[in-house]
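pasting a predicted model and its sequence here:
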Amino acid sequence: MASMIIVRKAAISFGKEKVLKNIDLDVNEGEIFGLLGPSGSGKTTLVKMITGILEGDQGEIFIKDQKVPSLELMKSIGYMAQSDALYQELTAKENLEFIAAIYGLKRQERKKAIQEVLEIVDLTDHMDKVVRDFSGGMKRRLSLAASLMHKPDLLILDEPTVGIDPVLRQSIWSELRKLKNNGMTILVTTHVMDEAEKCDRLAMLRDGYIIACDTPEKLKENQKVDSLEEAFLAYGRNEK
Ligand SMILES: Nc1ncnc2c1ncn2[C@@H]1O[C@H](COP(=O)(O)OP(=O)(O)OP(=O)(O)O)[C@@H](O)[C@H]1O
């Protein structure tokens with residue numbers, strides 16, 4: 001299977017704190033890959049290194065065989081950060097028009113892309129509302145829409161469903177699965193176990209280490225437990 005992301009011996013410290021230690025990771029093309037770990041385990045730091053926003057102290061990262069960071073690569077990556085980067089005074093549609101302009105989408109492409117992504121996140125009826133008046137969940141959905149505007153090959157989502165109600169969370173996951181079925185590779189961070197279950201494969205992150213990496217089923221099977229939560233705890237114990 002072809003690799004989309006390769007991380008080799010990546011490490012980073014902030015001051016004296018070693019936040020990521022000796023990370024090796026392979027994400028295959030076309031899979032939904034989850035990074036599961038508690039708050040502070042280093043998930044955001046790792047995705048920022050993968051996008052090239054943060055430079056590690058050690059190691060190498062490749063996306064589609066190109067070394068990160070690369071400006072060229074940014075065209076194939078959609079990144080939704082943990083905090084929403086939206087213009088509060090603009091409407092949803094104006095925010096997306098702005099993103100489209102940055103990516104150099106032509107007028108007709110722009111209109112179509114905006115329509116498509118708004119439908120995906122179920123915000124078509126709210127496109128003329130200013131973002132300041134959006135709920136937290138609506139802002140998350142708009143951020144997701146923004147990350148899809150340029151039809152990336154690799155979508156990186158940092159806790160995409162925080163503040164989103166269970167019904168909409170389900171619908172976002174079914175959209176993610178559709179995107180995957182159309183060939184997109186998706187890397188998603190989460191600390192929610194039922195979301196982790198939906199990933200094709202998972203890496204469990206604890207204290208800056210990957211303590212296990214496999215399919216959700218195999219991770220449970222290997223530890224002879226019924227839930228990912230129990231598996232996480234069991235792998236954590238083995239590490240000590
Ligand atoms: N710019 C920074 N300067 C100093 N410390 C940082 C910086 N960024 C992250 N850290 C530290 O690195 C550790 C990991 O943070 P990170 O945000 O990657 O965790 P996370 O797993 O994404 O957590 P959460 O689920 O709460 O978002 C934390 O202890 C955090 O305080």
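Perfect, thanks for sending it.

which parts of this protein sit against the ligand?
Counting by CB under 6 Å from any ligand atom, the positions of the chain adjacent to the ligand are 14, 19, 37, 39, 40, 41, 42, 43, 44, 45, 82, 191. Bear in mind the C-beta positions are built from the backbone N, C-alpha and C, glycine included.

mind running it again at 8 Å?
14-15, 17, 19-20, 37-48, 54, 82, 158-159, 189, 191, 205, 208 (CB under 8 Å from any ligand atom).

list the buried residues of the top helix by length along the chain.
If you go by DSSP state H, the chain has its longest helix at helix 166-181. Neighbour-count burial for helix 166-181 flags 168, 169, 172, 173, 175, 176, 179, 180 (criterion: 16 or more other CB atoms under 10 Å).

repeat that for stretch 195-202.
For stretch 195-202, a neighbour-count test (16+ other CB under 10 Å) marks 195, 196, 198, 199, 200, 201, 202 as buried.

and those, which two are furthest apart?
With CB to CB as the measure, no two of the buried residues of stretch 195-202 lie farther apart than 195 and 201, at 13.6 Å.

that older thread, out of the residues of the chain next to the ligand, which are inside helices?
Short answer: these in helices (DSSP H) are 43, 44, 45, 46, 47, 48.

could you flag which of those residues are buried?
Neighbour-count burial (16+ other CB under 10 Å) is assigned, among those, to 43, 44, 45, 46, 47, 48.

and the closest residue to residue 9 other than its chain neighbours, helix, strand or coil?
Leaving aside its sequence neighbours, residue 9 sits nearest to residue 59 (CB to CB, 6 or more residues apart in numbering; 4.1 Å). Here residue 59 takes the strand state, with states given by DSSP: H, G, I helix; E, B strand; the rest coil.

you'd agree residue 59 is up against residue 21?
No - with contact defined as CB atoms under 8 Å, residue 59 does not count as touching residue 21 (10.2 Å).
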